[in-house]
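A.B. asks: Need coordinates for the below:
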Amino acid sequence: MTPLWTSAEIAAATGGTANADFVVSGVTFDSREVGPGDLFVALRGATTDGHRFLDQARAQGAAGALVGADWDGPQVRVADTMAALEALAQASRARMAGRVIGVTGSVGKTGTKEALFAALDRSAPGEVHRSVKSYNNHTGVPLSLARMPRAMRFGVFEMGMNHAGELSALTRIVRPHCALITAIAPAHIEFFKDESGIADAKAEIFEGLEPGGTAIVPFDSVHYPRLRAAAERYAGRVVSFGSGAGADVRALESMRTRTGGTYLSARVGTHEVNLTLAQPGGHWVLNALCVLAAVDAVGGDLGLAALALGELGGLAGRGERTRIDLGAGDPVLLIDESYNANPASMRATLAVLGEEAAARRIVVLGDMRELGADSPGYHAALAEPIVAAGVDFALLVGPEMAALASALEGRVDFVHVADAASARERAVALVRPGDAVLVKGSNGIGLAAVVTALKART
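C.D. replies: Below is the predicted model of the structure:
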């Protein structure tokens with residue numbers, strides 16, 4: 001098997017010095033993830049120092065380490081391990097002869113990234129690399145690049161931000177041939193003056209485009225003119241996607257299927273693509289259009305991409321659907337959206353819940369964080385989509401949900417609790433056969449514990 005990196009290559013890329021010859025098959029900076037053959041990168045952080053875990057990494061099978069301090073194991077010694085990780089990422093990108101896609105947006109980044117991987121892997125199995133988990137920040141993006149094998153036809157990299165300037169730096173490391181924005185919404189708006197500031201920060205992804213590269217922008221967004229103008233400064237070609245008649249990649253027809261998915265007929269340039277999405281909801285129609293636009297931009301197979309999208313299941317924390325058999329009556333439908341939340345994604349998933357046939361529709365909703373001074377208003381505004389979805393009971397979790405509790409008074413039955421631990425107990429006791437349950441909140445509120453508890457109730 002061709003090694004991911006040799007110690008000589010690591011030293012050459014980082015300007016470091018190797019004390020032994022070794023080869024690695026993986027890269028990580030998390031000591032809990034170290035496995036046989038890995039390169040362990042000893043990063044220094046605000047709260048801990050990776051050099052403390054070097055012996056642990058060796059015991060777990062690490063083949064070598066990237067270090068900035070004395071150690072007696074196989075290593076490449078550098079002055080700054082974070083700078084060295086970035087240099088290794090740049091070397092990985094430089095040796096990659098395939099096509100690279102960069103993904104950002106206020107909502108839908110990870111789902112779109114995973115859908116793109118599936119769509120491209122269908123025609124190039126084993127030759128597509130992508131970011132794992134949500135490794136999309138200043139450490140996660142270089143790590144994802146450093147992990148990319150030599151001979152990939154495609155690379156798909158998620159990039160996130162919560163401050164201006166962050167994407168500008170990340171995209172210049174990724175150097176995408178195709179850069180896309182899924183949507184603009186008030187996520188992280190606490191750090192911006194308004195949504196237009198978020199749009200400008202997301203548009204930084206176009207700054208790293210390779211010459212002649214393609215920018216993909218959401219046509220239905222109110223910020224479309226702003227995004228397109230930013231893209232035109234860097235892109236050889238700008239492609240829009242959406243439901244509007246003027247979009248370059250657009251939905252011709254979409255409808256809910258009997259099995260709960262979505263039938264979609266789409267126009268992609270001169271092609272018409274028909275597929276049935278496994279995922280329900282208008283937001284997944286837009287995600288699919290964005291994916292098809294990107295696949296077309298990098299020369300992928302649209303037909304095989306459509307097949308892959310039809311088979312794509314939900315991701316844990318991001319739309320995964322589980323049927324829970326309580327031993328009597330119809331199973332419970334559990335929709336797990338516990339990883340993230342903002343006003344736009346809340347509305348989208350509540351609309352999906354409203355389409356479910358169920359004995360009762362129940363929501364477990366946690367705080368939406370980083371919404372700034374307008375947070376009470378954003379939370380209170382969820383009352384309308386909750387009522388429109390026909391929700392029978394709402395379990396509200398966290399202090400910021402107080403505003404929504406006030407807005408729901410006299411309209412929907414609800415209970416407001418302080419934290420996920422209290423919500424876990426109430427949710428387990430509440431759910432009955434035939435219910436449809438949506439669990440959604442910002443990751444920091446900890447609603448994944450509610451999902452775990454509900455799955456265990458059989």
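A.B. asks: contacts, neighbours, all on C-alpha from now
C.D. replies: Fine.
A.B. asks: pretty sure Gly269 contacts Arg250?
C.D. replies: No. Contact status for Gly269 versus Arg250: not in contact, 9.2 Å apart, counting by C-alpha atoms under 8 Å.
A.B. asks: who has more neighbours, those two?
C.D. replies: A direct count of neighbours by other C-alpha atoms under 10 Å for Gly269 and Arg250 places Arg250 higher, at 26 against 13.
A.B. asks: Can you give the contact residues for the host helix or strand of the more buried one?
C.D. replies: Under the criterion of DSSP states H and E, Arg250 resides in strand 249-256. Residues outside strand 249-256 that contact it (C-alpha atoms under 8 Å, 6 or more residues apart in numbering) are 239-244, 262-269, 280, 285, 289-290, 292-293.
A.B. asks: Would you mind checking those residues for buried ones?
C.D. replies: 239-243, 262-268, 280, 285, 289-290, 292-293 (16 or more other C-alpha atoms under 10 Å).
A.B. asks: Counting only strands, which of those residues make the cut?
C.D. replies: Within the buried ones among the contacts of strand 249-256, residues falling in strands by DSSP state E are Val239, Ser240, Phe241, Gly242, Thr262, Tyr263, Leu264, Ser265, Ala266, Arg267, Val268.
A.B. asks: Identify, from those residues, the entry nearest to Val174.
C.D. replies: Val239 (20.0 Å; C-alpha to C-alpha).
A.B. asks: how much space between that closest one and Leu333?
C.D. replies: For Val239, the distance to Leu333 equals 37 Å [C-alpha to C-alpha, to the nearest Å].
A.B. asks: what pairs with Val397 across the strands?
C.D. replies: As for beta bridges, Val397 partners with Gly366, Val417 under DSSP bridges.
A.B. asks: and it, how far is that from Asp72?
C.D. replies: Counting by C-alpha to C-alpha, the gap from Val397 to Asp72 is 49 Å.
A.B. asks: between the two, which one's more packed in?
C.D. replies: Val397 (28 against 8).
A.B. asks: for the more buried one, what are its contacts?
C.D. replies: Counting by C-alpha under 8 Å, 6+ apart, Val397 has contacts Val364, Leu365, Gly366, Asp367, His416, Val417, Ala418, Asp419, Ala420, Ala423, Ile445.
A.B. asks: Neighbour-wise, which one of the residues you listed leads?
C.D. replies: Busiest of the contacts of Val397 [other C-alpha under 10 Å] is Gly366, holding 32 neighbours.
A.B. asks: What pLDDT is listed against that residue?
C.D. replies: pLDDT for Gly366: 97.
A.B. asks: So it is in contact with Gly441, correct?
C.D. replies: Yes. Counting by C-alpha under 8 Å, Gly366 touches Gly441, with 4.1 Å between them.
A.B. asks: State the number of residues packed around the closest residue to Leu404 other than its chain neighbours.
C.D. replies: Among residues not flanking Leu404 along the chain, Ala380 sits closest, at 4.1 Å (C-alpha to C-alpha, 6 or more residues apart in numbering). By other C-alpha under 10 Å, 18 other residues sit near Ala380.
A.B. asks: Show me where the stretch 51-200 of the chain has its strands.
C.D. replies: For the stretch 51-200 of the chain, the strands defined by DSSP state E, counting those that start in this stretch cover 64-67, 75-77, 99-104, 128-130, 154-158, 178-181.
A.B. asks: So for Gly165, which of the ones you listed sits nearest?
C.D. replies: Closest of the strands of the stretch 51-200 of the chain to Gly165 is strand 99-104, at 13.7 Å (criterion: C-alpha to C-alpha).
A.B. asks: Partner strands of that closest one, with direction?
C.D. replies: Using DSSP bridges, the strands paired with strand 99-104 are strand 154-158 (parallel), strand 178-181 (parallel).
A.B. asks: Just the mean pLDDT for it, thanks.
C.D. replies: 98.
A.B. asks: For it, give me every contacting residue.
C.D. replies: The contact list for strand 99-104, computed with C-alpha under 8 Å, 6+ apart, reads 109, 112-113, 153-160, 171, 174-182, 202, 205, 294, 298.
A.B. asks: Show me which of the residues you listed are buried.
C.D. replies: For the contacts of strand 99-104, a burial check counting by 16+ other C-alpha under 10 Å picks out 109, 112-113, 153-160, 171, 174-182, 202, 205, 294, 298.
A.B. asks: how about stretch 319-326: buried residues?
C.D. replies: Gly319, Arg321, Thr322, Ile324, Asp325, Leu326.
A.B. asks: which residue ranges form the helices in the stretch 151-300 of the chain?
C.D. replies: 166-174, 195-202, 224-232, 282-297 (DSSP state H, counting those that start in this stretch).
A.B. asks: Mind putting those into JSON lines with mean pLDDT?
C.D. replies: Shown next, in JSON lines, are those (pLDDT from 0 to 100):
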{"stretch": "helix 166-174", "mean pLDDT": "96"}
{"stretch": "helix 195-202", "mean pLDDT": "94"}
{"stretch": "helix 224-232", "mean pLDDT": "98"}
{"stretch": "helix 282-297", "mean pLDDT": "95"}
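A.B. asks: How about Val391: what's its closest non-neighbour residue?
C.D. replies: Val391 sits nearest to Arg361 (C-alpha to C-alpha, 6+ apart), 4.9 Å away.
A.B. asks: picking up where we left off before, among the buried residues of stretch 319-326, name the ones in strands.
C.D. replies: Arg321, Thr322, Ile324.
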